[in-house]
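**Q** Quick check, what structure comes out for this input:
(one chain, ligands or ions: 1)
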Amino acid sequence: MELTEAMRTTHANRYYKSDPVPAEVFYRAVEAARFGPQGGNRQPVRFLIVTDPEKKAQLQEWYLEPWTKYLESALAGQKAIEAESGDAKATNVGMTDPAKALEAANHFAQRFGEHPAVIVVLADIEETHPTDTDLGRLSIVGGASVYPLTQNLCLALREQGVATTLTTLLCAYEPQVKQLLDIPENLSCAAFVVAGYPEKPFPRKLTRRPVEEIAFLDSFDNPVTAPVEV
Ligand SMILES: Cc1cc2nc3c(=O)[nH]c(=O)nc-3n(C[C@H](O)[C@H](O)[C@H](O)COP(=O)(O)O)c2cc1C
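**A** Here you go, the predicted structure:
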């Protein structure tokens, strides 16, 4: 599969077939994903692939707690926007239809433990080399040693026809998750990537802001523009 196509179509998949993903597919994906960059090449990331139905059922129970709260506030927010503008899409330029996205994410959440696999992405924080811990704000650099591998994993699964959804709601349940899955003390939860064969075709291209809105040359009043075709 061509790299750009994989990048443009690796979406947050909301509908999965129940077919299991063979272990060799995960092996090939991790084999490629591990080449992602990490501070000092300290390699702090570990992947725990959960397929056990009882363990996934427990993860679903925990997932639904924050999801239900999120859903309630998102629905209330949508109603407020509709009341103000008569259209929920009005404030959502360059993004997916919020009502449809919420419905699909709820479908996904209600079946969280039924999806074929939940890959727990773990990291040894001591080995992540954050350089922004003294700025009086939340550190973002620590994650830079973890999420490149996570996206690589999603892309490497995509190449093999496996869809994924990166989630983080369960990170708040780290103590319980670590106990349930017998995770070593030094590892922390960075993401829970659901994986499985998609029930619907992959999208042809994801909905994102245009390049001109997110990339600039030398100053923020000089957006990067499309090359002139010759
Ligand atoms: C840091 C991060 C956390 C996320 N957490 C969740 C989550 O807990 N639950 C969920 O359903 N989706 C989660 N997502 C998926 C996003 O909703 C999804 O990437 C976004 O809506 C874009 O979807 P698309 O790639 O299909 O267009 C998360 C994504 C990221 C990058």
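**Q** how much space between Arg137 and the ligand?
**A** Using C-beta to the nearest ligand atom, to the nearest Å, we find Arg137 at a distance of 17 Å from the ligand. The way it works is simple: take the backbone N, C-alpha and C, and place the C-beta from them, glycine included.
**Q** right, and Leu170 touches Leu64 too?
**A** No: using C-beta atoms under 8 Å, Leu170 makes no contact with Leu64, being 10.4 Å away.
**Q** Compare those two and say which is more crowded by neighbours.
**A** Applying other C-beta atoms under 10 Å to Leu170 and Leu64 shows that Leu170 carries more neighbours, namely 22 against 16.
**Q** And what about that one, helix, strand or coil?
**A** helix (DSSP: H, G, I helix; E, B strand; the rest coil).
**Q** For it, which residues are in contact?
**A** By C-beta atoms under 8 Å, 6 or more residues apart in numbering, the contact set of Leu170 is Leu59, Trp62, Tyr63, Val177, Cys189, Phe192.
**Q** Excluding sequence neighbours, find me the nearest residue to the third one.
**A** Closest residue to Tyr63 apart from its sequence neighbours, by C-beta to C-beta, 6 or more residues apart in numbering: Phe112 at 4.6 Å.
**Q** ok, how many other residues are close to the one you found?
**A** Burial of Phe112 is recorded as 23 neighbouring residues (other C-beta under 10 Å).
**Q** tell me which parts of this protein are close to the ligand?
**A** By C-beta under 6 Å from any ligand atom, the residues of the chain that approach the ligand are His11, Ala12, Thr96, Ala105, Phe108, Thr165, Leu166, Thr167, Thr168, Leu169, Leu206, Thr207.
**Q** helices or strands next to the worst-scoring helix or strand of the chain on mean pLDDT in the packing?
**A** Here the helix or strand of the chain ranked lowest by mean pLDDT, DSSP states H and E is helix 53-85, holding a mean of 92. Where contact means 3 or more C-beta pairs under 8 Å, 6 or more residues apart in numbering; DSSP states H and E, helix 53-85 is packed against helix 98-110, helix 174-181.
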